[in-house]
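Engineer: Got a predicted structure here, sequence first:
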Amino acid sequence: MQPITHDSFVIERTYQAPPAQVFAAWADPAIKARWFIGPEGWAAIRRELDFRIGGEEVLHGRIKATETLYEARYYEIVAAERIVFVYDMHLSGKHHSVSLASVEFASMAGGTKLLFTEAVAFLDGTPSAEARKNGTGTHLDRIAQLLERSTTSRACVNA
């Protein structure tokens with residue numbers, strides 16, 4: 001049996017969009033499906049999002065010979081302010097980790113400051129959360145790209 005490794009991390013991002021728009025990237029299934037994806041070569045098998053307190057989210061996918069299964073449950077949702085959830089990660093049928101995560105949205109001049117905090121217990125001997133932090137950072141960067149495209153599209157339509 002592998003020892004449990006505990007780790008945590010915090011990521012801060014700023015977006016040039018109001019908190020309600022950044023929050024929508026988490027709450028709207030169609031928008032979330034555009035940024036909450038696996039790495040290059042990953043393909044979705046199943047995606048579900050029941051975004052409400054007590055609701056669950058499932059993202060099941062495959063990259064090469066590895067299947068990934070993300071299963072989350074939402075514990076607190078305050079529109080445009082915060083989200084608190086717990087999630088399990090399974091890799092090829094093995095329980096990889098359990099995490100408690102929070103996302104906080106704060107209005108600031110010209111946009112939103114997002115603070116993502118995660119505490120993780122790795123069940124398979126993974127030594128640290130460095131790779132998880134990098135992957136989460138990539139997801140948060142994709143949100144910025146989506147928001148930029150959305151703003152550019154609206155500017156072109158309104159011109």
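Structural biologist: That came through, no problem. Numbering: from 1, shown residues only.
Engineer: quick check: mean pLDDT across the top strand by length along the chain?
Structural biologist: Identified as the longest strand of the chain according to DSSP state E is strand 94-108. In this model, strand 94-108 has an average pLDDT of 98.
Engineer: go on, stretch 42-62?
Structural biologist: 98.
Engineer: who's in contact with the longest strand of the chain?
Structural biologist: 14, 18-19, 22-23, 26, 80-90, 112-124, 126, 132 (CB atoms under 8 Å, 6 or more residues apart in numbering). The way it works is simple: take the backbone N, C-alpha and C, and place the C-beta from them, glycine included.
Engineer: Name only those of those residues that count as buried.
Structural biologist: Neighbour counting with 16 or more other CB atoms under 10 Å marks 19, 22-23, 26, 80, 83-85, 87, 89-90, 112, 114, 116, 118, 120, 122-123, 126, 132 as buried within the contacts of strand 94-108.
Engineer: Who does Glu56 form a beta bridge with?
Structural biologist: Beta-bridge partners for Glu56, by DSSP bridges, are Arg73.
Engineer: partners of the spatially closest residue to Arg132 that is not a sequence neighbour in the sheet?
Structural biologist: Excluding the flanking residues, the one nearest Arg132 by CB to CB, 6 or more residues apart in numbering is Val120, at 6.2 Å. Val120 has these beta-bridge partners by DSSP bridges: Asp7, Ser99.
Engineer: so Val120 sits right up against Asp7, yeah?
Structural biologist: Yes - with contact defined as CB atoms under 8 Å, Val120 counts as touching Asp7 (5.6 Å).
Engineer: Give the residues shared as contacts by the two.
Structural biologist: Shared contacts of Val120 and Asp7, defined by CB under 8 Å, 6+ apart, comprise 129, 132.
Engineer: Any stretches of this protein with poor pLDDT?
Structural biologist: Within the chain, the segments meeting pLDDT under 70 span 151-159.
Engineer: Now do the helices in it.
Structural biologist: 19-27, 29-35, 130-158 (DSSP state H).
Engineer: Surely Leu147 is in contact with Arg13?
Structural biologist: No - Leu147 lies out of contact with Arg13 (CB under 8 Å); the separation is 10.5 Å.
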